[in-house]
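K.L.:
Build me a model from this:
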Amino acid sequence: MEKPYVVGIDIGGQTAKIGLVDARGNVLTQTAIVSNDTDDYKVFIKNLSDAVKKLVNKEYSMKQVRGIGVGAPNANFYKGTIEGAVNLTFGGQQVIPFAEEMSKLIGLPVKLTNDANAAALGEMTYGVARGMKDFIMITLGTGVGSGIIVNGNLLYGYDANAGELGHVTMVRQNGRLCGCGKTGCLEAYCSATGVARTAREMLETSDRKSILRNIPAENITSKDVFDAAQQGDDLAKEIFEFTGNMLGAALADFVAFSSPEAIVLFGGLTRSGDFIMKPVVESLNKNVMPRWRNKIKVLFSQLKESDAAILGASALAWEV
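P.N.:
Numbering: from 1, shown residues only. A predicted model of the protein is given here:
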């Protein structure tokens, strides 16, 4: 029997999103379950497997499903494990044989990788990078993630942890503390939370007028900065200039090691449009080696944000 569908699963700290996907990248049906209601990974995997079966069998058949792809924090593609995922209630410091356990329960091949790698695969399979063999995916959300595609393959590295570009050091002295424990990381400046931190710092160190002063400093978000910039607020625009300049400089270094055709930006911060894109492109071309100047495309993802995590994970399953 033909197997024209795959299942994509995105596991987060509070929910796990599940979707049935066809070869054109259409999410045919989807659902979600809570992921923080048990500290027993076997219980979670059983609940997840039951939810997949229920979703698919409602209108389709499990016999039509080729395989399952999973995006999860701290996922090891080589081993099919989730390792030390402390932000998952059922994770902790243990090594979870996730793919093996789920495959046994559901009777299908299961592959998993981390969420940024899944986003890169989704973009290559369904999105703006379709047909490209060399590109870098940068996810700009609460953190900064990345997936690196080289010669049509995702770069995993020796231990499946390659692609932590959000944790390259951009500020060597007196840099901001990053969630990873280092200081000066790209993520501490160019994530959505980094933009909010920059706003608070600029407001505290100057007396310039700004719409942002109408918001309690601790409550400022990157969206607030965008809204202010849209209203012509000069300080808000400067925040995006600062962020884009740093991100563009980092991208110039990334180009030097993999010579990509394009860099694809994805995530909540990309909703800022030209406020972030313009300084990024200018900084990239200012800092990159002359051989690549004005040659590297910088693109926004075309994946629908609400479906992107499911699509990215599902891309893994076509390879089973």
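
K.L.:
Which residue ranges of the chain form helices?
P.N.:
For the chain, the helices defined by DSSP state H occupy 41-59, 98-106, 115-126, 187-190, 192-204, 222-230, 234-258, 274-287, 305-317.

K.L.:
Take these and lay them out in JSON lines including mean neighbour count, mean pLDDT and distance to Thr142.
P.N.:
The way it works is simple: take the backbone N, C-alpha and C, and place the C-beta from them, glycine included. Shown next, in JSON lines, are these (neighbours: other CB atoms under 10 Å; pLDDT from 0 to 100; distance: least, CB to CB, whole Å):
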{"stretch": "helix 41-59", "mean neighbour count": "17", "mean pLDDT": "97", "distance to Thr142": "22"}
{"stretch": "helix 98-106", "mean neighbour count": "20", "mean pLDDT": "97", "distance to Thr142": "23"}
{"stretch": "helix 115-126", "mean neighbour count": "27", "mean pLDDT": "90", "distance to Thr142": "11"}
{"stretch": "helix 187-190", "mean neighbour count": "26", "mean pLDDT": "96", "distance to Thr142": "9"}
{"stretch": "helix 192-204", "mean neighbour count": "20", "mean pLDDT": "96", "distance to Thr142": "6"}
{"stretch": "helix 222-230", "mean neighbour count": "21", "mean pLDDT": "97", "distance to Thr142": "10"}
{"stretch": "helix 234-258", "mean neighbour count": "20", "mean pLDDT": "97", "distance to Thr142": "15"}
{"stretch": "helix 274-287", "mean neighbour count": "19", "mean pLDDT": "98", "distance to Thr142": "16"}
{"stretch": "helix 305-317", "mean neighbour count": "25", "mean pLDDT": "88", "distance to Thr142": "13"}
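
K.L.:
Identify whichever of these lies nearest to Ala160.
P.N.:
helix 115-126 (9.0 Å; CB to CB).

K.L.:
Might you calculate how far the closest one sits from the centre of the chain?
P.N.:
Remark: helix 115-126 is offset 9 Å from the chain centroid, using CA atoms, centre = their mean, to the nearest Å.

K.L.:
tilt between it and helix 305-317?
P.N.:
80 degrees (axes from the mean of the first three to the mean of the last three CA atoms, to 10 degrees).

K.L.:
Residues touching helix 115-126, excluding its own?
P.N.:
For helix 115-126, contacts defined as CB atoms under 8 Å, 6 or more residues apart in numbering pick out 10, 24-25, 69, 71-73, 77, 113, 129-130, 132, 135-137, 139, 145-149, 152, 154, 156, 163, 264, 266, 301, 303, 308-309, 311-316, 318.
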